[in-house]
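>>> sequence and predicted structure are below.
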Amino acid sequence: RGVGSELVRRLCARHVQRGGARRDLYLITLEPTCGWYEGLGFSRVERQDLPPQMGLEVAAGEAVSWVLGNRLVCMRGTGGAGEK
C-alpha cells in the first residue's frame, strides 16, 4: 500500500536533487486519477502549456482516453516546501 505514491515522491525528489525544479515535471493522466496526482503536488494545466516534446504522447493519450471513454488531463508539478 502506498507504493505508487512513494515511487512518485522519490522520482520527484531525485529530479530536484539533480538540480531540476518540480515545476519542470509534466504528466498526462485520465480524469479519474487527477485527485491522486494533486495530492502528490501536481496541478492541472492546459495542453498548450505543455512542452512541445510531449505532443506525440498527448496525441496517443487522447486516442486511448477516447477509446476508454475518459478525458485526458495534463498536469504539472508545483513547488513544495524547500523545493525549486
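Perfect, thanks for sending it.
>>> do a quick rundown of the strands in this structure.
Counting by DSSP state E, the chain has strands at residues 26-30, 42-45, 72-77.
>>> list the neighbouring strands of the last one plus their orientation.
Just to be clear, that refers to strand 72-77. strand 26-30 (antiparallel), strand 42-45 (antiparallel) (DSSP bridges).
>>> next one: the first one to chain centre, how far?
Right, the one you point to is strand 26-30. Its chain's C-alpha centre and that of strand 26-30 lie 4 Å apart, by CA atoms, centre = their mean, to the nearest Å.
>>> just the buried positions in it, please.
Buried positions in strand 26-30, judged by neighbour count with 16 or more other CB atoms under 10 Å: 26-29. No exception for glycine: its C-beta is placed from N, CA and C like everyone else's.
>>> now, among the residues you listed, which is nearest to Val64?
Closest approach to Val64 among those (CB to CB): Ile28, at 9.9 Å.
>>> wait, Ser5 sits on Leu40?
Yes - counting by CB atoms under 8 Å, Ser5 does reach Leu40; the two are 6.3 Å apart.
>>> ok so, going back, list just the nearest of the buried residues of strand 26-30 to Leu11.
Leu27 (10.6 Å).
>>> wait, what's in contact with the residue most central in space within the chain?
Nearest to the geometric centre of the chain sits Leu27, at 2.8 Å (CA atoms, centre = their mean). By CB atoms under 8 Å, 6 or more residues apart in numbering, Leu27 lies in contact with 37, 42, 74-75.
>>> ok, residues contacting the helix or strand of the chain with the lowest mean pLDDT?
Here the helix or strand of the chain ranked lowest by mean pLDDT, DSSP states H and E is helix 55-68, holding a mean of 92. Applying CB under 8 Å, 6+ apart, the contact partners of helix 55-68 are 28, 30, 47, 50, 71-72, 74.
>>> flag the least confident of those residues.
Model confidence across the contacts of helix 55-68 bottoms out at Arg47, which has 90.
>>> tell me the one of the buried residues of strand 26-30 nearest Cys12?
Nearest member of these to Cys12, counting by CB to CB, is Leu27, at 10.7 Å.
>>> so what pLDDT did the closest one get?
95.
>>> quick check: bridge partners of it?
With DSSP bridges as the rule, Leu27 is bridged to Met75.
>>> brilliant, that's me finished.
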